[in-house]
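Q: Below is the sequence, then the predicted model.
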Amino acid sequence: MKHHIYCRSGISHVRKLNRIEGRSAKRNRYSAQEKMKILGVVETMVEEQHLTYAEAASALSIDQSMISRWREKEDALRSIERPNALQLHTGPRSILLDIESDLLEFIDSWRSKGLPVNRIALMRKAQSLKPELLRKLAHAVKMSISHFMRKHRLLHRMATHKAQRHPSEVENEALEFLDYIRPILIEPNRDPDYIYNMDQTPVWMAMDTKTTIDKVGARTVNLHTAMSDTKRVTVAVTLTASGRRVKSMVVFKGKKKISNYYLSSINSTHLTFRHRHRRRRHLVVVVVVVVIIVIVVVV
């Protein structure tokens, strides 16, 4: 189907549109590593099967012109630093090119200590290493940080382990504990159902979601939250060595007045004993006073 598009600027894109619609399949893109592998297969087919380059390219369903261009740029494909790169040219020069090694050293130093690193920290470090970045827009610096991360295969990752000390610092302690506890656990009189492993974790009392389904264009999307959205409880999860999960225990913060029958009876008995002891002491005092008065009168 032919299209006739009116373009006020005088530049017509009708040919490009017709060519795009006429494509029967998506154009394949090969990385530098894949191109070298394909050239190796083509050279093997030419040497061993005595095929021409056109016949080898046809057998691999690849255009012969692509094979010719790759052969001309074979040295450049071998010397490329990133094997997964889809293009040979490196693009425009990065504004962080002269401080990339310092940024990588900064990331390695902080991560070896278990400290978090984010884009803002990288941007501030880059600005301290290269003060002229302070005169550039924050968006431009952030984009350069994104390109830097993509170039060096860096991503934001979720933490899989949190602790006050690095795992390498407690490795010897963990191995010593395993050497101590394993002989005890494998004794014949040990039942796996009675070997427990418990861990505690904090859980929010109200886990409110931040997303909801609403109409397009709504300016205000309201969500009702609970009164105790900042309070947490402690959940103790327990497993046995046989794989059985024990019922979890939930611990709430606060104090509860315990009324115990035995404690109340002990307290009442103690109070009764004290009351009776006081009465007897008062009687003794009265009797002593009376005896003294009688003796004085008689004398």
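A: Arrived safely, thanks for sending.
Q: use CA for all of it now, contacts and neighbours both
A: Fine.
Q: residue ranges of the strands in the protein, please?
A: According to DSSP state E, the chain carries its strands in the segments 196-204, 232-240, 245-251.
Q: any chance of the ones you listed in a markdown table, plus mean pLDDT, mean neighbour count and distance to Ile292?
A: Shown next, in a markdown table, are those (pLDDT from 0 to 100; neighbours: other CA atoms under 10 Å; distance: least, CA to CA, whole Å):
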| stretch | mean pLDDT | mean neighbour count | distance to Ile292 |
| --- | --- | --- | --- |
| strand 196-204 | 87 | 12 | 72 |
| strand 232-240 | 90 | 16 | 70 |
| strand 245-251 | 89 | 13 | 66 |
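Q: JSON lines for these, including distance to Asp108?
A: As requested, the strands of the chain are exported to JSON lines (distance: least, CA to CA, whole Å):
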{"stretch": "strand 196-204", "distance to Asp108": "30"}
{"stretch": "strand 232-240", "distance to Asp108": "35"}
{"stretch": "strand 245-251", "distance to Asp108": "40"}
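Q: closest to Val170 out of these?
A: Of all the strands of the chain, it is strand 196-204 that lies closest to Val170, at 18.3 Å by CA to CA.
Q: ok, now how distant is Lys210 from Leu155?
A: With distances taken as CA to CA, to the nearest Å, Lys210 is found 24 Å from Leu155.
Q: what do you get for Tyr196?
A: Tyr196 is 38 Å from Leu155, by CA to CA.
Q: same thing with Arg124?
A: Distance, Arg124 to Leu155, using CA to CA: 18 Å.
Q: quick one: which of those two has more around it?
A: Higher neighbour count among Arg124 and Leu155: Arg124, with 15 against 10, using other CA atoms under 10 Å.
Q: all helices for the stretch 101-250 of the chain, in order.
A: 119-129, 138-151, 171-185 (DSSP state H, counting those that start in this stretch).
Q: Quick one: those helices as a markdown table, columns for distance to Arg244 and mean pLDDT too.
A: Output for these, formatted as a markdown table (distance: least, CA to CA, whole Å; pLDDT from 0 to 100):
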| stretch | distance to Arg244 | mean pLDDT |
| --- | --- | --- |
| helix 119-129 | 44 | 91 |
| helix 138-151 | 44 | 88 |
| helix 171-185 | 17 | 87 |
